[in-house]
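K.L.:
Dropping the sequence and predicted coords here.
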Amino acid sequence: MPFPPLVSQVYLCPPKSFRHWDNRRQTGPAKLAEASFLLGFLRAGSLKPSLNWDLIGIPPLKPPRYWDHWAQWGEGWGIAVIAVIGEARILYSTRPSCSIGSLVAVREDLPCPWGHFLGMPMNKLVSLVAALVFLAPPTMVPQISSRLTTTISGRILDREGKPMANAVVVYSETTKGKIYQFKTDNKGEFSVLGVVSGYYKIEITAPDGTRVYTGTRPVGTNENFDPMTGLVSGDNKPLKTNVLNVDLSTVRPNGEMAGSSGAENVSESDLKAIRDENARGVRINELVPELRIALDARDWPRATRLLQRLMAIDPGRWEYYQNLGTIQNATSQYEAAVQTFAKAIELARKGLAKTPTREARATISGMLISQAEAYRRMEKLDEAIACYHQAAELTAQPALAHFYACSAYQNSGKLEAAMEECDQAIASDPQQWEPYQAKAAIESALGKDDAALATYDAGIQAARAAVASNVQPAKAREGMGQMLNAEANVYVQMQQAGKAIPLFAQSAEVSVYPALPYLNLCAVLYNRNDLIAAVSACDKAIASDPGLADAYFIKASALFAQGKLQQGRYQVPDGTGATLNKYLELSPDGRHAAEASAMLEKLSAKK
């Protein structure tokens, strides 16, 4: 023997006349005693052929009370060990006629008192048996020369029950690390010869790289194969687990596969229901990415077709109706949008528990607002307000619903009612700047200038805080610019241009469209006869929007006002005529066209 073997298991080898004794199933004191008697014979030297036990230091044991049992069982018993030599597991026994199928395992985890025999732990007993292997006479010969190999096979079906071709299947042996990797054929099948018996981890990956299955199972050549020892017993019959059939169309929502090894306990009707549900899921997963692309591209016709297909597959999903209603609102299909949102709200309510979550209530509230918007565009104010109020009652944050109601009343000319809704919105959430903006505009329209100025100030502060807190900062900056410009206009109406000028300038700094506050600033400065500053402000307005005709007219007017009569002609700063011509080019029929033409005539006239 070139190198010492590693003993992996100890076995008792009974005589041929011995009745089958499954030591894994024995319980009770009587059966435990039998196990001790058997080990007693091993220690007493009752082995055939006899071995020199003295060489390994085991004194004979002959308690008088065991004699009857020795006489009954002692004759013909042997000992066998499994030794691991390299990759092979080899059986050595003290009786050449000992058959593999008759071995009785001696293991520490069995319910027998042989874990400590005569005060000697089991691991030491195994060590002694290992010594016995080294000292044994030539009668201890190998019974098995190598590990067994077998054939594995299987079939993989996808979520629709169709063969999954080109799926990657990996078998990884858990003790030796042996790995087998292969792909399924066009039928979703695989078959591999010469696979070493053992316990394997199995992983299956779909062609798109998605892991679809992970599991573990023994692989062997006999139903009684022991993967820890490499031995087989009984008939040489392949394990059922050598065949792996994975039907992903039978995977339940909890991840359990009803159509594999446990399929016999599932009725055909249940399997059909599971397969149908999985098939629907596959079709939905194919359509949803296309829908997202269509929505992002604002391709409303294609998005509508995809949503209709999704609703046909799964008519109980309120999300599809919500998206369709949003598209219908965007494409002015208001009557259809009202009906679609009604269906979405109905389905969402059915799907909620008796005590819906805060998020669920907010979702339904949002759909009610969208439905109200459709009513508002149909000029059905009462229906719209009813939806807004339902939305406000449902959610824990009703400010948005009240704000939309405020806007609806304002656009319908019902300013007092609009004011009340805006007040409720502000009371619900004082940090939202939009209700302040709407309320201030209403106050200004009602001639309540002082109140409007105070409300604009509060709204501007709320918008500043939103920008500082990074809460939709771009939108908040835009709102702040609008409110600064509006507040400046209120001061202009109050004949307080000095207070308006810095507000226009601030507005231009934060506005998305700074041309407007610069134009207003240009006009105010011109009216104050601050002509040079007016030209500068108009230049900034033109730089922001080169097509803003009025900016050219006011600039030309400021330049023209700086002219002087010299040598019979009215002399003006350079660029005055070009600026007037640019205005007429952009707005030939504009409200200042006649004035612009008159100034050009004066410039060309001689006295």
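P.N.:
Good, I have the coordinates.
K.L.:
if I pick the closest residue to Phe403 other than its chain neighbours, what's in contact with it?
P.N.:
Counting by C-beta to C-beta, 6 or more residues apart in numbering, Phe403 lies nearest to Ala425, which is 4.3 Å off, once chain neighbours are set aside. In this view, the C-beta of every residue, glycine as well, is placed from N, C-alpha and C. Residues near Ala425 by C-beta atoms under 8 Å, 6 or more residues apart in numbering: 398-400, 402-403, 406, 432, 434-435.
K.L.:
do Tyr199 as well
P.N.:
Applying C-beta under 8 Å, 6+ apart to Tyr199 gives the contacts 173-175, 216-219, 227.
K.L.:
Including secondary structure, neighbour count and pLDDT, could those go into CSV?
P.N.:
Below are the contacts of Tyr199 laid out as CSV (DSSP: H, G, I helix; E, B strand; the rest coil; neighbours: other C-beta atoms under 10 Å; pLDDT from 0 to 100):
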residue, secondary structure, neighbour count, pLDDT
Glu173, strand, 18, 91
Thr174, coil, 13, 86
Thr175, coil, 10, 83
Thr216, strand, 11, 88
Arg217, strand, 16, 88
Pro218, strand, 17, 89
Val219, strand, 26, 88
Pro227, coil, 17, 51
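K.L.:
Show me which pair in these is furthest apart.
P.N.:
Using C-beta to C-beta, the contacts of Tyr199 span at most 14.1 Å, a distance reached by Thr175 and Arg217.
K.L.:
The residue nearest to Ala417 when sequence neighbours are not counted in helix, strand or coil?
P.N.:
Excluding the flanking residues, the one nearest Ala417 by C-beta to C-beta, 6+ apart is Tyr409, at 4.4 Å. Here Tyr409 is recorded as helix under DSSP: H, G, I helix; E, B strand; the rest coil.
K.L.:
pLDDT at Tyr409, what is it?
P.N.:
Looking at Tyr409, its pLDDT stands at 96.
K.L.:
my read: it touches Gln424, true?
P.N.:
No: using C-beta atoms under 8 Å, Tyr409 is not in contact with Gln424, being 11.7 Å away.
K.L.:
which of those two has more neighbours?
P.N.:
Neighbours around Tyr409 and Gln424, counted as other C-beta atoms under 10 Å, are more numerous at Tyr409. The numbers are 24 against 18.
K.L.:
need the helix or strand of this structure with the lowest average pLDDT.
P.N.:
None of the helices or strands of the chain scores lower by mean pLDDT, DSSP states H and E than strand 116-117, at a mean of 33.
K.L.:
residues making contact with stretch 320-331?
P.N.:
Contact partners of stretch 320-331, identified using C-beta under 8 Å, 6+ apart, comprise 291, 295, 300, 303-304, 307-308, 310-311, 314, 334, 336-337, 340-341, 343-344, 347, 367, 370-371, 373-374, 377.
K.L.:
buried subset of those?
P.N.:
Buried by 16 or more other C-beta atoms under 10 Å: 291, 295, 300, 303-304, 307, 310-311, 334, 336-337, 340-341, 343-344, 347, 367, 370-371, 373-374, out of those.
K.L.:
related to what we said a few turns ago, looking at the contacts of Tyr199, which is nearest Gly194?
P.N.:
Val219 (11.6 Å).
K.L.:
wait, what's in contact with Arg377?
P.N.:
Per C-beta under 8 Å, 6+ apart, neighbours of Arg377: 329, 332, 334.
K.L.:
of all the contacts of Tyr199, which comes closest to Ala534?
P.N.:
Looking at the contacts of Tyr199 and their distance to Ala534, the nearest is Thr216, at 83.6 Å (C-beta to C-beta).
K.L.:
burial count for Met419?
P.N.:
Per other C-beta under 10 Å, the neighbour tally for Met419 reads 20.
K.L.:
And Cys522, by the same measure?
P.N.:
27.
K.L.:
So it sits against Ala556, correct?
P.N.:
No: contact status for Cys522 versus Ala556: not in contact, 11.4 Å apart, counting by C-beta under 8 Å.
K.L.:
Quick check, Arg155 in contact with Pro163.
P.N.:
Yes: with contact defined as C-beta under 8 Å, Arg155 counts as touching Pro163 (7.3 Å).
K.L.:
neighbour-wise, which of those two wins?
P.N.:
Shown here are Arg155 and Pro163; by other C-beta under 10 Å, Arg155 has more neighbours (18 against 15).
K.L.:
Secondary structure element holding that one?
P.N.:
Element membership of Arg155 [criterion: DSSP states H and E] is strand 149-157.
K.L.:
What of Arg302?
P.N.:
Per DSSP H and E: Arg302 is located in helix 300-313.
K.L.:
which parts of whichever helix in the chain runs longest are buried?
P.N.:
Scanning the chain for the helix with the most residues, using DSSP state H, yields helix 268-296. Residues 271, 274-275, 278-279, 281-284, 287, 291, 294-295 are the ones in helix 268-296 that count as buried (16+ other C-beta under 10 Å).
K.L.:
Mind putting the residues you listed into JSON lines with pLDDT?
P.N.:
As requested, these are exported to JSON lines (pLDDT from 0 to 100):
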{"residue": "Leu271", "pLDDT": "74"}
{"residue": "Ile274", "pLDDT": "77"}
{"residue": "Arg275", "pLDDT": "76"}
{"residue": "Asn278", "pLDDT": "77"}
{"residue": "Ala279", "pLDDT": "78"}
{"residue": "Gly281", "pLDDT": "79"}
{"residue": "Val282", "pLDDT": "79"}
{"residue": "Arg283", "pLDDT": "85"}
{"residue": "Ile284", "pLDDT": "87"}
{"residue": "Leu287", "pLDDT": "91"}
{"residue": "Leu291", "pLDDT": "94"}
{"residue": "Ala294", "pLDDT": "94"}
{"residue": "Leu295", "pLDDT": "93"}
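K.L.:
So of these, which two are at opposite extremes in space?
P.N.:
Largest separation among the buried residues of helix 268-296 by C-beta to C-beta: Leu271 and Leu295, giving 35.8 Å.
K.L.:
on that earlier part again, which one among the contacts of Arg377 gets closest to Lys414?
P.N.:
Tyr334 (20.5 Å).
K.L.:
Isn't the closest one up against Lys380?
P.N.:
No: here Tyr334 lies out of contact with Lys380, judged by C-beta under 8 Å, at a distance of 9.1 Å.
K.L.:
Show me the shaky parts of the chain.
P.N.:
1-147, 222-236, 252-266, 352-355, 605-607 (pLDDT under 70).
K.L.:
Select, from the contacts of Ala425, the two members most distant in space.
P.N.:
Pro398 and Glu434 (13.9 Å).
K.L.:
doesn't Tyr171 make contact with Val219?
P.N.:
Yes: in terms of C-beta under 8 Å, Val219 counts as a neighbour of Tyr171; the distance is 7.4 Å.
K.L.:
tell me, what's touching these two both at once?
P.N.:
Counting by C-beta under 8 Å, 6+ apart, the residues touching both Val219 and Tyr171 are 152, 195, 200.
K.L.:
If you rank those residues by neighbours, which is first?
P.N.:
In terms of neighbour count, Tyr200 stands highest of the shared contacts of Val219 and Tyr171 at 26 neighbours, by other C-beta under 10 Å.
K.L.:
coming back round to it: tabulate the buried residues of helix 268-296 (CSV), appending distance to Cys387.
P.N.:
Output for the buried residues of helix 268-296, formatted as CSV (distance: C-beta to C-beta, whole Å):
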residue, distance to Cys387
Leu271, 45
Ile274, 40
Arg275, 41
Asn278, 38
Ala279, 38
Gly281, 34
Val282, 37
Arg283, 34
Ile284, 30
Leu287, 30
Leu291, 26
Ala294, 28
Leu295, 24
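K.L.:
ok, so of these, who is nearest Ala466?
P.N.:
For the buried residues of helix 268-296, the nearest to Ala466 is Leu295 (27.2 Å; C-beta to C-beta).
K.L.:
Could you pull out the helices in the stretch 351-500 of the chain for me?
P.N.:
358-377, 381-394, 399-411, 415-428, 434-445, 449-468, 473-493, 497-510 (DSSP state H, counting those that start in this stretch).
K.L.:
List of residues touching the fifth one?
P.N.:
So the one you mean is helix 434-445. The contact list for helix 434-445 (C-beta under 8 Å, 6+ apart) reads 399, 402-403, 406-407, 410, 415, 418-419, 422-423, 425-426, 449, 451-453, 455-456, 458-459, 462, 479, 482-483, 486-487, 490, 493.
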